[in-house]
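A.B. asks: sequence and predicted structure are below.
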Amino acid sequence: MRGLSTVAILTAVLVAAAVVEAQRQLTTSQAGVEQVNVGGTPRIAEADALRPVPRLPDGRVDLTGPWVGGGSNVDIERDGGLKPGELPLLPWARKLRDSRKTQDEPYTTCLPMSVPRVNPYPWKFAMTYTSRGLTHIYVLHETGDAGAHRVVYMDGRLHPPDPLPTWWGHSIGWFEGDTLVIDTVGYNDKFWFDSRGTPHTEQLHTIERWTRVNFGTMVNDFTLDDPGAYARPVQLRFTATHIRLGLDLLEFICLEDNQYGVAGGFTPVR
Amino acid sequence: MRRASVPAEAGRDVSGPARAGHSVLCGAGILLIASLASMASPVLAQSQAPRQDPERGVFGPVGALGQEVRRSQALTSPAPRLPDGTIDLGDGIWVGGGPVNDLAQGLKKGEELPLLPSARQVMAERAKRPTDDPHLWCLPMGVPRSTPYPFRFVPNYTHRKPTHMFILHEGNIHSYRQVFMDGRKHPSEPDPTWFGHSIGSWEKDTLVIDTVGYNDKFWFDRRGTPHTEQLHTIERWTRVNMGTLVNAVTIDDPGAFSRPFTVTFNARLSPPTDDIIENICQENNQFGVAGGHANPFAGP
């Protein structure tokens, strides 16, 4: 047990160091977008990563994780594998992205980062088996209340015809072979895809195709469809890595520890 | 139409597991009046909450926030089980199961909380500033506090069987609590956190959650019943039938109480059509910043 707690403390120290570094970078460069130093979350060892995909007793692939990565963070265009300028933003959306200021980023005032964004901290798919089978999958981010919990309905329901726009939208999921497909509509237009400020509208429709290719790697083939802000649907690819074995999500209360926002003298976005 | 924010719940009486329904019936007028009333006098609302018909609400069929009050019938059929025989706690959403207004409401009749003088003093101070309740500022409510909004158990099945139980609340802070079900022990010196370090196990049909490593920041209830970092809780969750889940919590905190004691709260299953909906406290904090209260947790 002492070993476990040592690992936990070590992780906490590493994560804390990453946070401090991130805060330092943010506060010293509020005018422009700067990459937050990633690397605080220990990754799985190479040998473990190459092991086969684990499966649940019913044969289903185990997607739990915890993972780090697998989405956009700094610049969705680059993070998703496109070359500069390839993202088909409509002129107004490009203008909006270029005019957004770092300190206005909703995520830095503890609001949800939403889809497909990730941060340098771990997250997991919580696969919920109940007496009615796999009814929900929850996405839990270590960044507690900013990440909140995202719900993916696995019970076969469809999207409501006129969903109320929310940060996380309305997500329905199903398996195609070993790939978890998540289809989401009903997003609000408030969150940014990245710290660069890449925007979207309430017409956003996303399709994620999560495939665990080995024990340590999971690919997110991501379709971004938003005729309100993009000239055509975009196909992006992100890769998530399993965090080091034996580690777990830690408690992270964004609002308590909001050095960047309230304590930094920035008021929340109106 | 959006549902009002959780912090505004301060004005609602929820001594029983009343359920604010998802559908909103009334117009914005009632909502506004009710919200103002609740912000103006949270103390009044909690200390003089009128006795209400548990099947209706103070406002009749609508709650103080203008929401429809729906209480599902308490189903008495047997509790469902997972294929491995374990009681299923995750097949629906629950309301109740912890204190909202007053931890002492969970005591047996005639009992009193064995508060130490220092704890009484903290409570007296908090009574002067009820708006300092961290929960109203979108901070976690800790254990065993509940809200008028639903929560659910999420057993996380992995290739190693159910390794974690997560508890997700719709109300503050729409976050999750993590319970380790993989047989690990508490670390010898846990970092104090809002939800502490929780390990869970099954004793027959009862889910037992043992937690240490709490910080001393959260309030047990709106009255500000305090605790210290020495807090140790043991929750015993028993689904006595389909619709009822009993939570008997032993609270042991030699820093605030003269002896351990047990409080019991019931949770009721919500209709199967209900789900947890998105509630982003930080976005919609009507009680705090928008309500004109100074944030006691903001930096200089």
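C.D. replies: Arrived safely, thanks for sending. Bear in mind the structure is a predicted one, so any value in this text is a computation, not a measurement. Numbers count the residues shown, from 1 in each chain, chains lettered A, B, ... in the order given.
A.B. asks: so where does the closest residue to A:Gly65 other than its chain neighbours fall, helix or strand?
C.D. replies: Leaving aside its sequence neighbours, A:Gly65 sits nearest to A:Lys124 (CB to CB, 6 or more residues apart in numbering or on different chains; 4.2 Å). Heads up, the C-betas are built off the backbone N, CA and C, glycines and all. According to DSSP states H and E, A:Lys124 maps onto strand A:123-130.
A.B. asks: and the following helix or strand past that strand with strand A:123-130, angle?
C.D. replies: Per DSSP H and E, the first helix or strand lying C-terminal to strand A:123-130 is strand A:133-141. Using axes from the mean of the first three to the mean of the last three CA atoms, to 10 degrees, the inter-axis angle of strand A:133-141 relative to strand A:123-130 is 160 degrees.
A.B. asks: direction included, what does strand A:133-141 pair up with?
C.D. replies: strand A:123-130 (antiparallel), strand A:149-153 (antiparallel) (DSSP bridges).
A.B. asks: average pLDDT for that strand?
C.D. replies: Mean pLDDT, strand A:133-141: 93.
A.B. asks: what residues of that strand count as buried?
C.D. replies: Residues A:134-141 are the ones in strand A:133-141 that count as buried (16 or more other CB atoms under 10 Å in any protein chain shown).
A.B. asks: re earlier: export the strands paired with strand A:133-141 to a markdown table and append columns for mean pLDDT, distance to B:Cys281 and mean neighbour count.
C.D. replies: What follows is those, written out as a markdown table (pLDDT from 0 to 100; distance: least, CB to CB, whole Å; neighbours: other CB atoms under 10 Å in any protein chain shown):
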| stretch | mean pLDDT | distance to B:Cys281 | mean neighbour count |
| --- | --- | --- | --- |
| strand A:123-130 | 93 | 20 | 24 |
| strand A:149-153 | 93 | 13 | 22 |
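A.B. asks: sorry, back to before: beta-bridge partners for the residue nearest to A:Gly65, please?
C.D. replies: Counting by DSSP bridges, A:Lys124 is bridged to A:Leu140.
A.B. asks: contacts only, for it.
C.D. replies: A:64-67, A:139-140, A:249, B:156 (CB atoms under 8 Å, 6 or more residues apart in numbering or on different chains).
A.B. asks: and if we set it to 7 Å?
C.D. replies: A:Lys124 sits next to A:64-67, A:140, A:249 when contact means CB atoms under 7 Å, 6 or more residues apart in numbering or on different chains.
A.B. asks: A:Leu164 and chain B: what is the separation?
C.D. replies: From A:Leu164 over to chain B the distance is 7 Å, taken as CB to the nearest CB, to the nearest Å.
A.B. asks: and stretch B:77-90, what's buried?
C.D. replies: Buried-residue list, stretch B:77-90, by 16+ other CB under 10 Å: B:79-80, B:82, B:87-90.
A.B. asks: go through these and flag which are in strands.
C.D. replies: Among those, no member falls in strands (criterion: DSSP state E).
A.B. asks: check these against chain A, which are close?
C.D. replies: B:80, B:82, B:88, B:90 (CB under 7 Å from any CB of the partner chain).
A.B. asks: in CSV: those residues, plus pLDDT.
C.D. replies: As requested, those are arranged in CSV below (pLDDT from 0 to 100):
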residue, pLDDT
B:Pro80, 95
B:Leu82, 91
B:Asp88, 95
B:Gly90, 93
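A.B. asks: what about the helices in chain B?
C.D. replies: B:28-40, B:42-47, B:117-128 (DSSP state H).
A.B. asks: so for the last one, what gets flagged as buried?
C.D. replies: Put plainly, it is helix B:117-128. Here helix B:117-128 shows B:119, B:122-123, B:126 as buried, counting by 16+ other CB under 10 Å.
A.B. asks: how far is stretch A:212-232 from where the chain is centred?
C.D. replies: A distance of 11 Å separates the centroid of the chain from that of stretch A:212-232, by CA atoms, centre = their mean, to the nearest Å.
A.B. asks: what's across from the nearest residue to B:Pro260 once chain neighbours are set aside in the sheet?
C.D. replies: Setting aside the residues directly before and after it, B:Pro260 is nearest to B:Asp252 in space (CB to CB, 6+ apart), at 4.0 Å. Counting by DSSP bridges, B:Asp252 forms beta bridges with B:His232.
A.B. asks: now B:Asp252: how far from chain A?
C.D. replies: 21 Å.
A.B. asks: neighbours around that residue, how many?
C.D. replies: B:Asp252: 16 surrounding residues under other CB atoms under 10 Å in any protein chain shown.
A.B. asks: and it, how close does it get to A:His141?
C.D. replies: 32 Å (CB to CB, to the nearest Å).
A.B. asks: quick one, strands of chain A?
C.D. replies: Using DSSP E, strands in chain A cover A:67-69, A:123-130, A:133-141, A:149-153, A:170-176, A:179-185, A:205-214, A:217-225, A:234-242.
A.B. asks: what ranges of the stretch 151-270 of chain A fall below the confidence cut-off?
C.D. replies: A:257-270 (pLDDT under 70).
A.B. asks: what residues does it put near chain B?
C.D. replies: Residues of the stretch 151-270 of chain A lying near chain B (CB under 7 Å from any CB): A:151, A:166-168, A:249, A:251, A:253, A:255-256, A:262-263.
A.B. asks: of those residues, select the buried ones using a PyMOL command.
C.D. replies: In PyMOL, this line selects whichever of those come out buried by 16+ other CB under 10 Å:
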select buried, chain A and resi 151+166+167+168+249+251+253+255+256+262
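A.B. asks: and which of the residues of the stretch 151-270 of chain A next to chain B is nearest A:Pro112?
C.D. replies: A:Trp167 (4.1 Å; CB to CB).
A.B. asks: run a quick neighbour tally on the closest residue in space to the closest one that isn't next to it in sequence.
C.D. replies: Nearest-residue entry for A:Trp167: A:Pro112, 4.1 Å, with adjacent residues in sequence omitted and distances by CB to CB, 6+ apart. For A:Pro112, the neighbour count with other CB under 10 Å is 28.
A.B. asks: look up how far B:Asn156 lies from A:Pro112.
C.D. replies: A:Pro112 is 21 Å from B:Asn156, by CB to CB.
A.B. asks: what's the answer for B:Gly97, then?
C.D. replies: From B:Gly97 to B:Asn156 the distance is 20 Å (CB to CB).
A.B. asks: how about A:Trp92?
C.D. replies: On the measure of CB to CB, A:Trp92 and B:Asn156 end up 42 Å apart.
A.B. asks: quick check: bridge partners of A:His170?
C.D. replies: A:Val185.
A.B. asks: that one and A:Pro160 touch, don't they?
C.D. replies: Yes: counting by CB atoms under 7 Å, A:His170 does reach A:Pro160; the two are 6.4 Å apart.
A.B. asks: list the residues that contact the residue most central in space within chain A.
C.D. replies: Chain A has A:Val118 as the residue nearest its centroid, 2.8 Å off, counting by CA atoms, centre = their mean. By CB under 7 Å, 6+ apart, A:Val118 lies in contact with A:69-71, A:73.
A.B. asks: out of the residues you listed, who has the most neighbours?
C.D. replies: Neighbour counts for the contacts of A:Val118 peak at A:Gly71, which has 25 neighbours (criterion: other CB under 10 Å).
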